[in-house]
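Novice: sharing a sequence plus its predicted fold:
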Amino acid sequence: MKYSKTLMAILVATSVLAACGQKEEDTVEQPEQHQEVEIEVAIEADKFKEFVSSQMDDFVTDTQLLASLVKEGKLEEAQKLYPLVTMYYERMQPIASNFEELDVAVNGVITKGKENEVTGFQRLAYGLFTEKQTSGYEEIASKLASDVKALQEALSSLDVTKNNVLVSASLMFDTMLKDRLTTSSIANNEVYAVKAQTEAAQEIVKIFMPRVEANSAANATEKLAILEEVIAYYEVGKEDYVNYSFFTTKQKEELSTAIKDAQTALEKMNDTLK
């Protein structure tokens, strides 16, 4: 992608001689004009796509396992595996805008009263956590596994070069703050989501580190580390986290503050991109 920063150029007219008498005219200062300098970030976007692609084999395998548990009627096991599988998808959020059709299929937003109109993780979560059953969700689970496999196949030819993934990572956290942490979700797996998105942001910071001011990269690294520490407090067992519905108001505020600080640091880092 070509990412534009605006630089100011002031053009000053040179002195000219009058046609009659070779009289030197006063120097005329012209209005300020803007010159666009384009900064290429396609390489960084492709590197992040490589990071995402490296997890796809496991993503496909674990989604197929989740589908199998649903088909076998193993509700508790499916409930336990569900938030872990969604973490793969959360790490993909900075490039989700590049595969909108599959994004809707894999993680379509569910609306009350229109549950049957969507597919993917949210639809399956409705069965597992709201209706607390696997019966009737076998086809939903199978389609989800099929769509994740299709996403893996699509990634190889997916063009992400117009995506400034550093900006996208900031927007990812903004969505988490304004939408996902302010509305009750079906599975209450927000902590899992924040953990996965933090990992994605950390990878992006590493990728862009040679292209930004050292202080801005160090600040982003520090804020993401603090966010990771907040998340670690809620880890129970290996890769399991406290259900977000159990958070107190103070705990929610602490998590939101850490996310906001990380988001701001990413924005400042992007401002120094060169």
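Specialist: It's in.

Novice: which parts of the stretch 1-150 of the chain are strands?
Specialist: 2-9, 33-40 (DSSP state E, counting those that start in this stretch).

Novice: need the mean per-residue confidence for the first one.
Specialist: Yep, that's strand 2-9 we're talking about. In this model, strand 2-9 has a mean pLDDT of 38.

Novice: and the helices in the stretch 51-200 of the chain?
Specialist: 56-71, 75-90, 100-107, 121-125, 138-155, 165-175, 190-208 (DSSP state H, counting those that start in this stretch).

Novice: which outside residues touch the second one?
Specialist: With C-beta atoms under 8 Å, 6 or more residues apart in numbering as the contact definition, helix 75-90 has outside contacts at 55-56, 58-59, 62-63, 65-66, 69-70, 106-107, 121, 124-125, 128-129, 132-134, 187, 189, 192-193, 195-197, 200, 239-241. C-beta coordinates here come from the backbone N, C-alpha and C atoms, glycine included.

Novice: put the buried members of those into a ChimeraX selection.
Specialist: To isolate the buried members of the contacts of helix 75-90 in ChimeraX, using 16 or more other C-beta atoms under 10 Å:
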select :55,56,59,62,63,66,69,70,106,107,121,124,125,128,129,134,187,189,192,193,195,196,197,200,241
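
Novice: distance of the closest residue to Asp103 other than its chain neighbours relative to Val104?
Specialist: For Asp103, ignoring the flanking residues on the chain, the nearest one in space by C-beta to C-beta, 6 or more residues apart in numbering is Ala96 at 5.0 Å. Distance of Ala96 to Val104, computed by C-beta to C-beta, to the nearest Å: 10 Å.

Novice: next one: Ala42
Specialist: Remark: distance between Ala42 and Val104 (C-beta to C-beta) = 26 Å.

Novice: got it, and Phe51?
Specialist: 23 Å.

Novice: ok, those two, which is more surrounded?
Specialist: More crowded of Phe51 and Val104, by other C-beta atoms under 10 Å: Phe51, with 19 against 14.
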